[in-house]
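1. structure for this input, please:
(one chain, ligands or ions: 1)
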Amino acid sequence: MAGVAGRLARRWCQNQAQSPLQVISFPSLQVHVNGTAMRASQEDFKNAMNQVKLLKKDPGNEVKLKLYALYKQATEGPCNVPKPGVFDFINKAKWDAWNALGSLPKETARQDYVDLVSSLSSSSESSSQLNPGAEGEQKYETLVVTSEDGITKIVLNRPTKKNAINTQMYQEIILALKAASKDDSTIIVMTGNGDYYCSGNDLTNFTDIPPGGVEEKAKVGAMMLRDFVGSFIDFPKPLIAVVNGPAVGISVTTLGLFDAVYASDRATFHTPFSHLGQSPEGCSSYTFPKIMGTAKATEMLVFGKKLTAREACAQGLVTEVFPDSTFQKEIWTRLKAYSKLPPNAMRISKQIIRNMEKEKLHAINAEECSVLQGRWLSDECINAVMDFLSKKAKL
Ligand code: COA
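-> Okay, here's the model as predicted:
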């Protein structure tokens, strides 16, 4: 592992020196320790703990781990509990974060905690000023979420990046699904803004290396992916994908967890995992063979065969295909009619279908994330991502 980390760091350095990749920064969380200004009192610390609960935006798993570690260090000192087992992912990530602080003095940890919370509070204030909305309304930077006619619509909204899912979008989708599960809409629709449905995982996510290095990055990434896919598994109401254009990677694999998938005939379905040195996620290692049979699933998930919308429909991944010219009109007429069906009956019917497999899907999700965590550190994956980024840098 250390060898791989070293190679990634070296390749990064080479690329940074040679190409416009110089503009790619490493905006990982930095906790500033100011030796001359370590004066956070217990009162400041207590206030900061209260402030965390009032943050308007989920700061994400990476930051939450840092907050946890600093809190433990400030209150209990250096990590003093046994390391959790390798499959106890969440507690192990927390333990690693705390342990990584070594012998940092309690007072410094307290100050760092206060500084970190203060930086989160100000960034959350400035982001809400950028996106003013009604009181109590959830604000998103990568999504547009609207509710009308009993339909909550979640639109992936990074059209210039083909709606690639960056870390923020992963977190916002988790939040949007959570909010939609509780709102009074009867059905929930996910679609994309622009010519793509979604180009999958944002490959520049791999460049945001935290201080703990690529291993920590992979660990935190796997935890986030597990939460993300888990929120599709557990979603209680009918969840419908309106695939307006090409779909790649995780935006294809998660389709197996939607209740219906409607596609424009312009859409394509592509899971180039082997090409990227990666492996399937979104429970597709189970849902795809179940939907289309092992032989067809293998062509997609192992050999990266791209399907047209009509092929995906013939294989059962897509419910129905519409001509692109009439797609939006036809689909919204249909969905508005569905949204008027009795909501409780729809919810109960969905759950009766899903509940039989929920436990199994969570276990598959955990296994896929654990395998991917290893894949992300493999030479095959690192080289493929570096190639994508180098090509981008040469443009
Ligand atoms: N991750 C990061 N950036 C992505 C992206 C992704 N998955 N998909 C698209 N983008 C970015 C491109 O880098 C480009 O950014 P730039 O304008 O800053 O250079 C922008 O989105 C537009 O994409 P571009 O490649 O110019 O459009 P295209 O029509 O020629 O190709 C794709 C579109 C999706 C085929 C191509 O961008 C691609 O192959 N992306 C990677 C898809 C992928 O491998 N996803 C992960 C699957 S596991």
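
2. where does the residue of the stretch 201-350 of the chain found nearest the ligand land on pLDDT?
-> For the stretch 201-350 of the chain and the ligand, the shortest gap (C-beta to the nearest ligand atom) falls at residue 249, measuring 2.8 Å. (C-beta placed from N, C-alpha, C; glycine too.) Looking at residue 249, its pLDDT reads 98.

3. before we move on, what about the one 3 residues further on?
-> At residue 252, the pLDDT value in this model is 98.

4. if we can go back for a sec, so the residue of the stretch 201-350 of the chain closest to the ligand is in contact with residue 279, correct?
-> No: checked against C-beta atoms under 8 Å, the pair residue 249 and residue 279 is beyond contact range at 11.5 Å.

5. any regions of the stretch 1-150 of the chain where pLDDT drops low?
-> 1-38, 56, 86-88, 123-138 (pLDDT under 70).

6. now the helices for the stretch 151-300 of the chain?
-> Secondary structure of the stretch 151-300 of the chain, counting by DSSP state H, counting those that start in this stretch: helices at 167-182, 213-233, 250-253, 284-292, 294-301.

7. most tightly packed of those?
-> Stretch with highest mean neighbour count among the helices of the stretch 151-300 of the chain: helix 250-253 (a mean of 27; mean count of other C-beta atoms under 10 Å).

8. what's in contact with that helix?
-> 156, 163, 165, 197-201, 269-271, 280-284, 287-288, 300, 317 (C-beta atoms under 8 Å, 6 or more residues apart in numbering).

9. how far does that helix sit from its chain's centre?
-> Relative to the chain's own centre, helix 250-253 is displaced by 12 Å; criterion: C-alpha atoms, centre = their mean, to the nearest Å.

10. dump the C-alpha coordinates for that helix into PDB.
-> Taking Å, rounded to 0.1, in the frame of the first residue of the first chain, the C-alpha atoms of helix 250-253 are listed here in PDB:
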ATOM      1  CA  ILE A 250     -22.500   4.600 -10.900                       C
ATOM      2  CA  SER A 251     -25.400   6.400 -12.600                       C
ATOM      3  CA  VAL A 252     -26.000   3.200 -14.500                       C
ATOM      4  CA  THR A 253     -25.400   0.700 -11.700                       C
END
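
11. where's residue 68, which helix or strand?
-> Using DSSP states H and E, residue 68 sits within helix 61-76.

12. CA atoms only: put that helix into PDB for me.
-> What follows is helix 61-76, C-alpha atoms only, in PDB (Å, rounded to 0.1, in the frame of the first residue of the first chain):
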ATOM      1  CA  ASN A  61     -17.800  12.400   6.200                       C
ATOM      2  CA  GLU A  62     -14.200  13.600   5.900                       C
ATOM      3  CA  VAL A  63     -14.800  16.700   8.000                       C
ATOM      4  CA  LYS A  64     -17.000  14.800  10.500                       C
ATOM      5  CA  LEU A  65     -14.200  12.300  11.100                       C
ATOM      6  CA  LYS A  66     -11.800  15.200  11.700                       C
ATOM      7  CA  LEU A  67     -14.200  16.800  14.100                       C
ATOM      8  CA  TYR A  68     -14.700  13.500  15.900                       C
ATOM      9  CA  ALA A  69     -10.900  13.000  16.200                       C
ATOM     10  CA  LEU A  70     -10.300  16.500  17.500                       C
ATOM     11  CA  TYR A  71     -13.100  16.200  20.000                       C
ATOM     12  CA  LYS A  72     -11.800  12.900  21.400                       C
ATOM     13  CA  GLN A  73      -8.200  14.200  21.500                       C
ATOM     14  CA  ALA A  74      -9.300  17.400  23.300                       C
ATOM     15  CA  THR A  75     -11.400  15.600  25.900                       C
ATOM     16  CA  GLU A  76      -9.600  12.300  26.400                       C
END
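
13. now the angle from that helix to helix 167-182?
-> Angle of helix 61-76 versus helix 167-182, following axes from the mean of the first three to the mean of the last three C-alpha atoms, to 10 degrees, is 90 degrees.

14. all good on my end, thank you.
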